[in-house]
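S.K.: All I have is the shape, not the residue letters:
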């Protein structure tokens, strides 16, 4: 079955809303922040500039109904539902990326309440930006989703406040519901949870944020899901293919066996 192409036009305004990992906390260099990894992949392959608006806020939650929300405490406030008109829709995104679920699950936000707010945000975004590519990045895996690990004395001595709930029941339910929401609005769901699950070496010593490698693979995972569902990222490659007459006769062979290269890269294939 041939896939439905979700976007053929280049992306010029990439807008991201989320929390501290989308913000890029604990990446040692800006280029390793997952939002920038995604943006640089788009720039490389679509062949046109893209402007990035990283509107993620550390500690952000989806709505005032989240148990960790505190009015006036910047980070949890203003929540996503209180600011998405300003920080997503007013930015005129043609690629709208939302990445929520980590903080809400860590503070025990019920599935029904979390998804009611998330659905209101995403449906309104689709109505306001009918041509935008909507990408919903599922919640990341985190150490506290392993209840046994989280019960260790090492973590009991830290102060996580209201964001200290152990177990993965909420977050895995979020993941399923967010995937269904993406389908509902004709968007893309990116499951990063399964990719990150159990890989403790990808998480910073603070037990919450991802290091350079973790950030990089998140950004690449989002890029791969978009590239596999949208033709705009292949436009430059197809143009190069046509201009250079690329074929099996004039490509490949980097550091390959000499006899293989000499057999495959025939001069008659090097059209100009």
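M.R.: Alright, I've got the coordinates. If you're wondering where the values come from, they're calculated on a predicted model, not measured in any experiment.
S.K.: the helices in the chain, which residues?
M.R.: Shown for the chain, the helices assigned by DSSP state H span residues 20-23, 34-46, 80-87, 102-106, 111-128, 147-150, 153-156, 169-184, 193-196, 212-227, 235-244, 258-264.
S.K.: May I see the buried residues of the fourth one?
M.R.: By that I understand helix 102-106. Applying a neighbour-count criterion of 16 or more other Cβ atoms under 10 Å, one finds 102-106 buried in helix 102-106. Yep, even glycine has a C-beta here, placed from its N, CA and C like the rest.
S.K.: can you pull the buried residues of stretch 178-190?
M.R.: Here stretch 178-190 shows 178-179, 181-182, 185, 187-190 as buried, counting by 16+ other Cβ under 10 Å.
S.K.: low-confidence ranges in the stretch 151-272 of the chain?
M.R.: The model of the stretch 151-272 of the chain has pLDDT under 70 over residues 266-272.
S.K.: Mind doing that once more with 90?
M.R.: The stretch 151-272 of the chain contains residues with pLDDT under 90 at 152-161, 247-253, 256, 258-272.
S.K.: that older thread, what would the buried residues of stretch 178-190 look like in JSON lines with distance to residue 132?
M.R.: What follows is these, written out as JSON lines (distance: Cβ to Cβ, whole Å):
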{"residue": "178", "distance to residue 132": "17"}
{"residue": "179", "distance to residue 132": "19"}
{"residue": "181", "distance to residue 132": "15"}
{"residue": "182", "distance to residue 132": "13"}
{"residue": "185", "distance to residue 132": "10"}
{"residue": "187", "distance to residue 132": "9"}
{"residue": "188", "distance to residue 132": "12"}
{"residue": "189", "distance to residue 132": "15"}
{"residue": "190", "distance to residue 132": "16"}
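S.K.: if you skip the residues just before and after it, what's nearest to residue 66?
M.R.: Spatial nearest neighbour of residue 66, excluding adjacent residues (Cβ to Cβ, 6 or more residues apart in numbering): residue 109 at 4.4 Å.
S.K.: Distance of that neighbour relative to residue 87?
M.R.: 20 Å (Cβ to Cβ, to the nearest Å).
S.K.: Tell me which of those two has more neighbours.
M.R.: For residue 109 versus residue 87, neighbours defined as other Cβ atoms under 10 Å are more numerous around residue 109 (26 against 19).
S.K.: what's near enough to touch the more buried one?
M.R.: By Cβ atoms under 8 Å, 6 or more residues apart in numbering, the contact list for residue 109 reads 61-62, 65-68, 170.
S.K.: and of the buried residues of stretch 178-190, the nearest to residue 23?
M.R.: Distance to residue 23 across the buried residues of stretch 178-190 (Cβ to Cβ) is lowest for residue 190, with 17.3 Å.
S.K.: so the closest one touches residue 135, yeah?
M.R.: Yes: Residue 190 lies in contact with residue 135 (Cβ atoms under 8 Å); the separation is 6.4 Å.
S.K.: any residues in contact with both of these two?
M.R.: By Cβ under 8 Å, 6+ apart, the residues touching both residue 190 and residue 135 are 222, 225.
S.K.: and residue 51, how many residues sit next to it?
M.R.: The number of residues near residue 51, taken as other Cβ under 10 Å, comes to 11.
S.K.: In this structure it contacts residue 14, no?
M.R.: Yes: the pair residue 51 / residue 14 is scored as a contact, 7.1 Å apart, by Cβ under 8 Å.
S.K.: Would you check how far apart residue 260 and residue 254 are?
M.R.: For residue 260 relative to residue 254 (Cβ to Cβ), the value is 11 Å.
S.K.: Give the closest residue to residue 141 in space, chain neighbours not counted.
M.R.: residue 196 (4.0 Å).
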